[in-house]
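J.: With the input below, show me the fold.
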Amino acid sequence: MRRVALVVILGLSVVGCGEAGLLDGAGKMTRSFVQGDTTTTVTLASVDVGQPGEAAVGSVDVLWYNDQKEPQHHGSSESVIAGVWNTRIGNSRFVQSSRSEIADALPSLQFPSLVPEQVRWVTSQLVYDQVTGTLDPDTSAAFGLWTTDPYQSDTGRVAVLRVGKVLDSDDRPEPVAIVVPDGLSLGWTAAGMRYELFCRSEISEELCKAIAASSTRLSALLASE
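T.: Just a heads-up that it's a prediction; the model follows:
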């Protein structure tokens, strides 16, 4: 990564898991939260990871902010990329897109199956080159993990995942950890994609690494619902 910072190479430990992955047995533990401006209480299964007192919940169980976008685009990578751009073109190259659209546009893209337990919303965008109307190879997709209603306050965004393409085919699954202002950034590559996960300082390094280690294909996460 093109940054001047103290770089420490950290290997992610492989966590033994059964058919349900890291959420095996998580149904025995639940945590409740109040959603939105209402008093509706939602209970999610959680798993204890990270430092003592920290936990994670399934990313399929939180609210995906852009899944209700209309019209939805499906099909080949090229048709989805063009369709999203043509129907939602605006002032930003970060174009709000649903999980299924991103999974079709970038079939090999992975996303964490776990997110920190305080996360309640995920925002998702395809990121374009505004001159060509095609995806920016450096950052092709971006995701925000929010504890509060998205875009109301930046303090509610506790983690950001940016995904781009790599020219070579070599996977580098062991992340490079970079200490950055206000948090930690983990970088790794897999299946032709480059990942950078930023976790704010209130998320421990151990939890940030566990979130990264839980990554699987976004299309597989969609199929698991």
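
J.: Other residues contacting the longest helix anywhere in the chain?
T.: When the chain is parsed with DSSP state H, its longest helix is helix 77-88. Identification of contacts with helix 77-88 by CB atoms under 8 Å, 6 or more residues apart in numbering yields 69, 71, 73-75, 95-97, 101, 104-107, 126, 128, 133-135. (C-beta placed from N, C-alpha, C; glycine too.)

J.: Quick check: buried residues in that helix?
T.: 80-85, 88 (16 or more other CB atoms under 10 Å).

J.: Next secondary structure after the helix or strand where Glu206 lies?
T.: Take DSSP states H and E as the rule and Glu206 turns out to sit in helix 205-213. Next along the chain after helix 205-213, taking DSSP H and E as the criterion, comes strand 215-217.

J.: Give the other helices and strands that that following strand contacts.
T.: In terms of contacts (3 or more CB pairs under 8 Å, 6 or more residues apart in numbering; DSSP states H and E), strand 215-217 is packed against strand 110-112.

J.: redo that, cut-off 10 Å
T.: With contacts taken as 3 or more CB pairs under 10 Å, 6 or more residues apart in numbering; DSSP states H and E, strand 215-217 sits against strand 110-112, strand 183-190.

J.: Ok, which of those strands comes nearest Gln51?
T.: The closest of the helices and strands packed on strand 215-217 to Gln51 is strand 183-190. By CB to CB, the value is 13.2 Å.

J.: Neighbouring strands of that closest one in the sheet, and parallel or not?
T.: Partners of strand 183-190 in the sheet, by DSSP bridges, are strand 172-180 (antiparallel), strand 193-200 (antiparallel).
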